[in-house]
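K.L.:
Here is a sequence together with a model predicted from it:
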Amino acid sequence: MIEINLLPPELKPRKEPLSNIKRFKLLIPSALIFIFSIHMFLFILFLFKNIQYNVLNKKWQLNKKDLEKLEIWKKENQKINQDYQTLIKLSQQRILIYPKLNFLGKTINEGMWFKNLRIKSNLFHLEGSVVSTEGQHISIFRAFCDNLKQDKDFFKDFLSFEIGPLKTRKISSYEILDFIIEAKLK
């Protein structure tokens, strides 16, 4: 239904503008509804984050055992790696004696023999004798030492090479030279 009011504007009933009290009465419920909606949003967000936290915590507990196993494996692997590095250092520091013995056997001169060979910790100790009917025992021994000194592979593992006391003795018509050679290993 349409209402037509033909009264002049001066006589028309005036609509009162909303008073401050009425505005205030409208503002309070809208503010309360806004605060309530924020609280509801925060409550829903809290519930979601709590559920998410519980799911992640369960996953962490499941993975914690695997992580502990991984840490144990890592420690064992480090220990094995250290043992391996020690083994490599030892293998690099080792000295092969059989090539040296082979070389000694090849350079031995006629009338010479070895009586005793000891290798103890870092000392190479060789005792031997030289026999000669013509009195050439010193020159035979010198030739043997010169042959040893010429081979760099033989000396690469020695720090020092010393010839010990040379003793000459005579049995019948043979002159025998007893010698000692000592060398310090690296």
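P.N.:
Everything's here; your move.
K.L.:
residue boundaries of the helices in the protein?
P.N.:
Per DSSP state H, the chain has helices spanning 20-93, 98-107, 137-150, 152-155. These are given in chain order.
K.L.:
any idea how far the shortest one is from the chain center?
P.N.:
Read it as helix 152-155. Centroid separation between helix 152-155 and its chain, computed with Cα atoms, centre = their mean, to the nearest Å, is 34 Å.
K.L.:
same question, stretch 141-158
P.N.:
On Cα atoms, centre = their mean, the centre of stretch 141-158 falls 40 Å from the chain's centre.
K.L.:
tell me how far the ends of it are from each other?
P.N.:
20 Å (Cα to Cα, to the nearest Å).
K.L.:
just stretch 125-139 next, same as before
P.N.:
21 Å.
K.L.:
Then stretch 114-133?
P.N.:
18 Å.
K.L.:
buried residues in it?
P.N.:
124, 126, 128-132 (16 or more other Cβ atoms under 10 Å). For the C-beta atoms, the positions are set from N, CA and C on the backbone; glycine is no exception.
K.L.:
Let me see the domain layout of this protein.
P.N.:
24-94, 98-185 (automatic domain parsing).
K.L.:
ranking those by mean pLDDT, which is last?
P.N.:
Here the lowest mean pLDDT among these goes to domain 98-185, at a mean of 84.
K.L.:
just the helices of the chain: most buried one?
P.N.:
helix 137-150 (a mean of 15; mean count of other Cβ atoms under 10 Å).
K.L.:
List of residues touching that helix?
P.N.:
103-104, 107-112, 130-132, 154-155, 161, 163, 166, 168, 175-177, 179, 181 (Cβ atoms under 8 Å, 6 or more residues apart in numbering).
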